[in-house]
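K.L.:
Just to be clear, the model below is a prediction. Sequence and coordinates:
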Amino acid sequence: MRNIPTVTKNLLIINVLMFVAYYVFRQSGTDLNDVLGLHFFKSPDFHVYQLVTYMFMHGGLEHIFFNMFALWMFGCVVENTWGPRKFLFYYMVCGIGAGLTQELVQWLTMMWFPDMQVEVGLVNGGTTMIPFSQYLIQLSTTVGASGAIYGILLAFGMIYPEERIFIFPLPVPIKAKWFVIIYAVLELSLAIGQRGDGVAHVAHLGGMLFGFLLIRYWQRHPGSDRFGRPKGQLFFDNLRQNWERRSHKKAVDPDRTQPRETDWEYNARKKAEQEEIDAILDKIRRSGYDSLTEEEKRRLFDSSNN
């Protein structure tokens, strides 16, 4: 736990504590998932704060285990790269965005298919069909950190697209960018073609969508995400920008003639840069982000913005 960055560690702790509280309060007849879970906005049980609280509640041991495993596995890397404030802001935006997406799609479905019915279970073990609108208003509750987690998966894939990871049961490693694309396509197909499985596939896609939009905004507006960076990192950011301005000035100067880089030189340079980044990532896995020198941190930041 000492090597887990601050925000990721606290998110893990809060989620586990809320999961324990859910079972404790259930013994006294109080369902925290019903109180803090996200209800349909037309339901009398809906409250705005549920857009935040729902992402800290879970429906079962398997649900919370896989969410927390993914948070630990990918959240540590993303937080070490971005810093705690930026990471927490991104996590909350993805989680809230996932909830808003779920609400919007539910409402659109109710409007477009007014006669649609869904199958629900009865207390005696049987099932019955009820209108979808009635299901949304009386029974529908969304819980889980999955929307925010899928946003973190997307962030990892966009920051380190060439990083190879092992995914069970695939026998070979897969690049992070393909991993994210496969998951997005899978969730989209399940959201369209599979109903009644109890999984908020639309919320997963919503978390990825809001994460993508936020990352693209940061990429197109350099400096807008600096609130999460320590002063030392900001110093190196300024050095990098000054270097880029000088390089651009030299490139457009008509009095300067630069020899054109051959394909062999380009490939050799890119290979050397990738090997350097791989070595830095290995160092993070072994000793954590804080073990990097300032130069290594700058090289890692530069590579994530190329």
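P.N.:
Here it is on my side, so go on. Numbering: from 1, shown residues only.
K.L.:
Helix or strand next in line after the lowest-mean-pLDDT helix or strand in the chain, which one?
P.N.:
When the helices and strands of the chain are compared on mean pLDDT, DSSP states H and E, helix 231-252 comes out lowest with a mean of 55. Per DSSP states H and E, the first helix or strand lying C-terminal to helix 231-252 is helix 263-287.
K.L.:
where does that following helix sit relative to the chain's centre, distance-wise?
P.N.:
In terms of CA atoms, centre = their mean, to the nearest Å, the gap separating the centre of helix 263-287 from the centre of its chain is 25 Å.
K.L.:
Equivalent analysis for stretch 280-299, please.
P.N.:
The gap between where stretch 280-299 is centred and where its chain is centred comes out at 22 Å by CA atoms, centre = their mean.
K.L.:
Which positions in it come out as buried?
P.N.:
Using 16 or more other CB atoms under 10 Å as the test for burial, stretch 280-299 gives 280-281, 283-284, 289, 292, 296-299. Backbone N, C-alpha and C define where each C-beta goes, glycine included.
K.L.:
Put together a markdown table for the residues you listed, with distance to Glu103 and pLDDT on each row.
P.N.:
Shown next, in a markdown table, are those (distance: CB to CB, whole Å; pLDDT from 0 to 100):
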| residue | distance to Glu103 | pLDDT |
| --- | --- | --- |
| Ile280 | 41 | 82 |
| Leu281 | 38 | 79 |
| Lys283 | 43 | 78 |
| Ile284 | 37 | 74 |
| Tyr289 | 36 | 67 |
| Leu292 | 41 | 76 |
| Glu296 | 43 | 81 |
| Lys297 | 39 | 76 |
| Arg298 | 42 | 77 |
| Arg299 | 42 | 79 |
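K.L.:
Go ahead and confirm Met109 touches Met116.
P.N.:
For the record, residue 109 is Thr, not Met. Yes - with contact defined as CB atoms under 8 Å, Thr109 counts as touching Met116 (7.2 Å).
K.L.:
Now do the shared contacts for the two.
P.N.:
Counting by CB atoms under 8 Å, 6 or more residues apart in numbering, the contacts common to Thr109 and Met116 are Phe132.
K.L.:
Between the two, point out the one with more neighbours.
P.N.:
Neighbour comparison, Thr109 and Met116: the larger count goes to Thr109, with 16 against 13 (by other CB atoms under 10 Å).
K.L.:
check which helix or strand covers that one.
P.N.:
Here Thr109 is assigned to helix 84-112, by DSSP H and E.
K.L.:
what's that helix packed up against?
P.N.:
With contacts taken as 3 or more CB pairs under 8 Å, 6 or more residues apart in numbering; DSSP states H and E, helix 84-112 sits against helix 6-26, strand 38-39, helix 50-53, helix 61-82, helix 132-138, helix 146-159, helix 201-220.
K.L.:
In this protein, where is pLDDT below threshold?
P.N.:
Confidence mapping of the chain against pLDDT under 70 gives the ranges 1-2, 123, 168-169, 193-198, 223-261, 263, 285-290, 304-306.
K.L.:
Mind splitting the protein into its structural domains?
P.N.:
Domain assignment of the chain by automatic domain parsing yields the ranges 6-220, 259-304.
K.L.:
ends of the first one, how far apart?
P.N.:
Using CA to CA, to the nearest Å, one end of domain 6-220 lies 28 Å from the other.
K.L.:
how far out from the middle of the chain is it?
P.N.:
Taking CA atoms, centre = their mean, one finds domain 6-220 lying 10 Å from the centre of the chain it belongs to.
K.L.:
Name the SS class of Pro161, please.
P.N.:
Three-state assignment for Pro161 (DSSP: H, G, I helix; E, B strand; the rest coil): coil.
K.L.:
Now do the same contact list for it.
P.N.:
Applying CB under 8 Å, 6+ apart, the residues near Pro161 are 175-177.
K.L.:
Redo the residues you listed as a markdown table? Include distance to Asn67 and neighbour count.
P.N.:
Putting the contacts of Pro161 into a markdown table (distance: CB to CB, whole Å; neighbours: other CB atoms under 10 Å) gives the following:
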| residue | distance to Asn67 | neighbour count |
| --- | --- | --- |
| Lys175 | 23 | 15 |
| Ala176 | 19 | 22 |
| Lys177 | 22 | 15 |
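K.L.:
picking up where we left off before, show me which positions of the helix holding Thr109 end up buried.
P.N.:
84-91, 93-103, 105-106, 109-110.
K.L.:
Please apply the same query to stretch 111-123.
P.N.:
Within stretch 111-123, judged by 16+ other CB under 10 Å, the buried ones are Val118.
K.L.:
Please name the residues that touch Pro173.
P.N.:
Pro173 makes contacts with 164-166, as judged by CB under 8 Å, 6+ apart.
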